[in-house]
Structure formats: structure tokens, C-alpha cells
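[1] no sequence on this one, just coordinates:
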């Protein structure tokens, strides 16, 4: 099935040059944790910095887009 996973065959040359990689920084991970429903105050304790979570998790900028419960139209900006 397309959902199989496992060890598989490793190509060491391809592993050394993976191609495009998402350049994630601290703010990307904080945004991800906000999107999971963590409270800003908890994240501020964790990071020891001021945290501003997006008002709507759909506003997070990730390289892939998924929309749950698609029963009506939804506009997504990237």
C-alpha cells in the first residue's frame, strides 16, 4: 500500500545530498507546537521567550497543506 514504511534500501550517495530540505528554525517549531493546541504561557516557560501563537492554526506556513473535514470550500493562502 502507499502507507507502507520500513527500513528499505539506503543509498549512501543520495543520503549525503538529500536535495531540497525545509529550513526550519525555532519559530517554525513554536508555531507547530501552537498548532497542536499548547498554551502560549506553557511555550513561554519552555522557550524562556515571548511567544505569539497564530490566531488560527491554518495560518501556519508549512510546505504541505491539509484540510480536514472538507465538506465546503476553504481558501488557503501560502
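    That came through fine. Keep in mind that what you see is a predicted model, and the values were worked out from it rather than measured. Numbering: from 1, shown residues only.
[2] pull the longest helix from this structure.
    helix 26-35 (DSSP state H).
[3] from the contact counts, what lies against it?
    helix 40-47 (3 or more C-beta pairs under 8 Å, 6 or more residues apart in numbering; DSSP states H and E). Glycine gets a C-beta too; all of them are placed from N, C-alpha and C.
[4] which strands and helices lie in contact with the helix it packs on?
    helix 26-35.
[5] check which residues of the helix it packs on are buried.
    30-31, 33-35 (16 or more other C-beta atoms under 10 Å).
[6] which member of those is positioned nearest residue 46?
    residue 33 (8.0 Å; C-beta to C-beta).
[7] might you report the residue contacts of that closest one?
    Residue 33 makes contact with residue 43, according to C-beta atoms under 8 Å, 6 or more residues apart in numbering.
[8] show the pLDDT at it.
    Note on residue 33: pLDDT of 89.
[9] show me the shaky parts of this protein.
    The model of the chain has pLDDT under 70 over residues 1-8, 21-22, 56-67, 69, 77-78.
[10] rewinding a little: now the buried residues of helix 26-35 as a markdown table including distance to residue 23?
    Compiled in a markdown table, the buried residues of helix 26-35 are given as follows (distance: C-beta to C-beta, whole Å):
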| residue | distance to residue 23 |
| --- | --- |
| 30 | 15 |
| 31 | 14 |
| 33 | 18 |
| 34 | 19 |
| 35 | 18 |
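[11] appreciated, that's everything.
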